[in-house]
Each structure stands twice: as C-alpha cells, then as structure tokens.
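# sequence and predicted model, in that order:
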Amino acid sequence: MLSLSAVSAGYGSFQVLFDVSLEVPRGEAVGVIGSNGAGKTTLMRVISGLIPLRAGTMTLEGLPLAGLPAHRIVEQGIAHVPEHRRLFPRLTVEENLRIGAFIPRARRRFAAQLDRVYALFPRLKERRQQPAGTLSGGEQQMCAIGRALMSDPKLLLLDEPSAGLAPLVVRQVFELIRRIRGEGLTVLIVEQNVQQVLDVVDRAYLLEVGAIRLAGTADELKGNRFIRQSYMGL
Amino acid sequence: MDIFLVEAIINGILLGGVLALLALGLNLIFGVIDVVWIAYADIVMCGMYVIYVLYTHYDVPLLFACLAGIAGMAAFGVAVHLLIIAPVLNSAPINQLLATGGLLFFLQSFATLLFGTDFRNIGVRLPVVEVASIYISFARLIAFLFGLIGAVALYLFLKRTYIGTAIRAVAQDRDIVGLMGIDQRRIYLATSAIGGALAGLAACLLVLQYDVHPFIGNTFGPVIFMICVLGGLGNMIGGFVASFIISQIIAIGGYYSNTELSYVLAFTMFIILMFVRPRGLFAR
C-alpha cells in the first residue's frame, strides 16, 4: 500500500535519512524500530508531508505522494499520530475529534466516525466536554489516536505511542493498537519499545543513523542476536 | 450617588463595547497568525471613510454603506495579509512590526492625500434618550449593542463551525494542523478577513459618534493595544474584560477631571499593572 524507495530527507544542511526504502502492505502492521536520533520521527514526518523529501519516491497505492503538502496527504488517506500526541490542549476532547474530521470526506461521515471512536475508547466519551489538556497521559494517547481515526484513514502512522506513559498504560495502548489492527486498518508504527512493538507488528525494519540496517518478520527480528543484544537487553 | 457619576459609568460601559470588539479582532489575529497589526485602528479609519464616501457622496442608504464598509474591510484584511504579512511571516518579529507600522503611515498619508485633514461627519445625529433623568446617547447605545452582538457572533463562529475550531487549533499548535487536513494559509486568510470585518463593524459604530479624519486611529489605537496587553496578548476573554476596565477608568477619570487627564490616568494604571502582572491580568 505505502511504498518508499531510496528516500533521503533532512533539515537544512543536516541530512537525517539516507536511501530509506520500505513497504507497508495493505492490512499489515509494520514497525520501524531504532534508538533515539535514528531518524524515526523524521521518517514519519516525511511520509505525512510535514517535511519534504530530497530524493527518492513515495507512493500510496501507486499514486505519488512526494511534493504534496501535509493537508493534501491526509486527503489521500494517511493519518499521523504525532510524537508527544500534540492534542490541542484548550479544545475539548470532542473538539479535538471534530478537528480530526476536518477534511470534507470525513466531515460528511462525522457522526458515524464519532460513534466508532467512542466505541473504541469509551473513556473519551465520558470526558468529551473536558479540555484535552486535562486528560491523563494514556487518555491523551487514546484521544490522539481517535483524532487520527476520525479522518477515516487507510493507513495510520503512530509515532512513539508508548513515550512518556507508565508501563501499565503502555500495555493498554498496545492492546488498543492490536484492536485497531483487528478492524483491518493498515498501520505503520515507530517505537523505541522494541519488545512490545514486535509483539503487535507483522514485519519490522531497524533504522540506524538514518538508514535501514535490517528488515524481516517480527519473529525473525525477535530471534536476531544483534537486535536481542542491542535493543532488547537480552 | 451623583447622577453625573452614574452617567459616566454608563458611558464607560457603552464605550467598552466598541473597544472590546477591536480588542477581539487584534487578539484573534495575534493569537492565530502571531503577528501584531500595528495599523489596526487605521483600518477602522479606512472603514469610516468608506461609509462616509458612500453615504454622503453616492447617496447609498446608511445600512448598505455600513455593510459595504464591513465587507470592504474584510477584503482589505485579506489584502493586508497577502501583500504585507505573508512575505514577512517567517521573519523576525521586529520586521513584522516595521511592515505593519509602515502600513499605518501609508494609510494615514494616503487618507490625507484623498481627503485632506478636515474633520468630516456623515451628518446623522441620533437622539439622546433620557432614562430617569440620566442622558444616554442613542449612538453609543447602538454601538454597545452591536459591539456585543459582534462579540457573541464571533464566539459562536469559533465554537460551532469547523473553520472556527480550526482557527482555535492553529492558535494552539500551528505546526501540526496540516496533519488534520487543515491548510494553514487558508486559516490565516479567514482570520485576516474576520479581523478586517470586525474593524469594519467598529467603523460603522464609530462613524455614528465621531468625525472621521486621517489621524482618528491615533486616538484609540494606543488604547486598544493597552487593552490587549493588559488582558494578555492573544487572550480573547482577557481582552474583552480589560476593555471594560480601561473604559471605566477613562469614563470615571473623565468625570473627576477631564478626558485628556483620564487617558493619562489609564496609561499610568496600565504601567503600574504591568509591573504587578507583566504577562497581563489574565495570564494563564
């Protein structure tokens, strides 16, 4: 579904990604693992159009994405849950969800989408009139994922969904990701929490200093000695 | 209580309504676009001239002249954004201030060129109503009511519509709104149009009370900035409340001394309050 080929990108004179190629097949969950500063967030920002790619190609279902601004990429069916969640703190939970359905296609189906998100996250329904800034970390992550789902995406990008959450909440968030997968959504997830992410994805890539070092199925990577030693502390 | 003091207090409240409208417009633009329109009061001046010319020279009915003034200033707001703000959007704040400050001198000089420095009025004199031996200017009453209606309409727009919610979202986190499918540039244009329209509405309300001249913006421009800073720049509710505080200081001060001295008093209070609460009375 999503295909990146030899993508390079960076900020100013600072290059972050070098010839990154990856495939996210329809209906699968794919993980990108790597340490801090490996370029994981930059990769996500390139896919969603927040920063331009310098070289390479990027397609969604065969249609080129390169050069489209972020707000057009949402219309193509990619929703991005950014790092640190980035909710609008003084908008209510429901207003945050409404903003998620800003594109015309999603606006027409707002009521149905809202029901779907509230069914997935009953807690959000309880807190719908509360400013999003007053939610707990886990609830904020739910709200951020819900906001992304409101655009009715084909592909969901999750950037560090476990960052800054308590271990118990991290487990809940991964449980939710498993349920979203169960609905047939295609997911690309970037994580430092290697152990947990390899339990929810089908396949994964290892990103190191801006380049893909390893690729394989989740089971292959879990069994890989280098990954076990360097990233799982085993 | 002294009946003239009551009159002064009522006049203060009525003045606050129009100031609140302008404070809302300036705060909206600052909060969303992160730019201060130094020439905001001079856009009001332009709106007053539009109404004046349409009404006195072209015999357009006053209501339609006012609607044209509002629509015209909304379009003018968009033009200000496209021609002056957009090119310096990512420049240092001082450059943005200089650009809109330049607009201020341009508008004042251009108005002087077209109309000279004469004080002109539209020749509409609305009655003064007497309630329990208190005299209230009907023009001020209208100005207050429409000021409030404008504020409520703006509130409902920001609260109830997709564009309004997007405008508030941009004010809170401008860097990620693209991920929601929001085109930031379009939100900036919508915000500039609303800011311009609010200036146009204020022009309608002021042209009923005051003569228009090229430098009328100087008489209330500084007061609006003082209000916005006092309420916390970008804080719309703070600005709304501060409008009524400042207008009361001016009105009651004017009752005990004279109008000129009441402005001195208002600015003195402002300086003192800035020492006590440097980020505004209602800083979060």
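Looks like it came in fine.
# do a quick rundown of the strands in chain A.
A:2-11, A:14-24, A:29-33, A:55-60, A:63-64, A:78-81, A:155-159, A:186-191, A:203-208, A:211-217 (DSSP state E).
# ranking the ones you listed by burial, who's on top?
Neighbour counts (mean count of other Cβ atoms under 10 Å in any protein chain shown) averaged over each of the strands of chain A peak at strand A:78-81, with a mean of 26. Bear in mind the C-beta positions are built from the backbone N, C-alpha and C, glycine included.
# counting by contacts, list what that strand packs against.
helix A:40-47, helix A:137-149, strand A:155-159 (3 or more Cβ pairs under 8 Å, 6 or more residues apart in numbering or on different chains; DSSP states H and E).
# which of these sits closest to residue B:87?
Nearest of the helices and strands packed on strand A:78-81 to residue B:87, taken as Cβ to Cβ: helix A:40-47 at 25.9 Å.
# related to what we said a few turns ago, kindly reformat the strands of chain A as JSON lines containing mean pLDDT.
Formatted as JSON lines, the strands of chain A follow (pLDDT from 0 to 100):
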{"stretch": "strand A:2-11", "mean pLDDT": "92"}
{"stretch": "strand A:14-24", "mean pLDDT": "93"}
{"stretch": "strand A:29-33", "mean pLDDT": "94"}
{"stretch": "strand A:55-60", "mean pLDDT": "93"}
{"stretch": "strand A:63-64", "mean pLDDT": "92"}
{"stretch": "strand A:78-81", "mean pLDDT": "95"}
{"stretch": "strand A:155-159", "mean pLDDT": "95"}
{"stretch": "strand A:186-191", "mean pLDDT": "94"}
{"stretch": "strand A:203-208", "mean pLDDT": "93"}
{"stretch": "strand A:211-217", "mean pLDDT": "91"}
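# got those as a markdown table, with distance to residue B:276 columns?
Converted to a markdown table, the strands of chain A look like this (distance: least, Cβ to Cβ, whole Å):
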| stretch | distance to residue B:276 |
| --- | --- |
| strand A:2-11 | 42 |
| strand A:14-24 | 44 |
| strand A:29-33 | 51 |
| strand A:55-60 | 54 |
| strand A:63-64 | 58 |
| strand A:78-81 | 42 |
| strand A:155-159 | 43 |
| strand A:186-191 | 47 |
| strand A:203-208 | 52 |
| strand A:211-217 | 56 |
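# thinking again about what came up before, as TSV, the helices and strands packed on strand A:78-81 with distance to residue B:109 would be great.
Listed next are the helices and strands packed on strand A:78-81 as TSV, based on distance: least, Cβ to Cβ, whole Å:
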stretch	distance to residue B:109
helix A:40-47	46
helix A:137-149	49
strand A:155-159	52
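# out of the ones you listed, which gets nearest to residue A:2?
Comparison of the helices and strands packed on strand A:78-81 against residue A:2 by Cβ to Cβ identifies strand A:155-159 as nearest, at 5.7 Å.
# could you give the angle of the closest one to helix A:40-47?
Interaxial angle, strand A:155-159 versus helix A:40-47 (axes from the mean of the first three to the mean of the last three Cα atoms, to 10 degrees): 150 degrees.
# neighbouring strands - and their directions - for strand A:155-159?
Strand pairing for strand A:155-159, using DSSP bridges, gives strand A:78-81 (parallel), strand A:186-191 (parallel).
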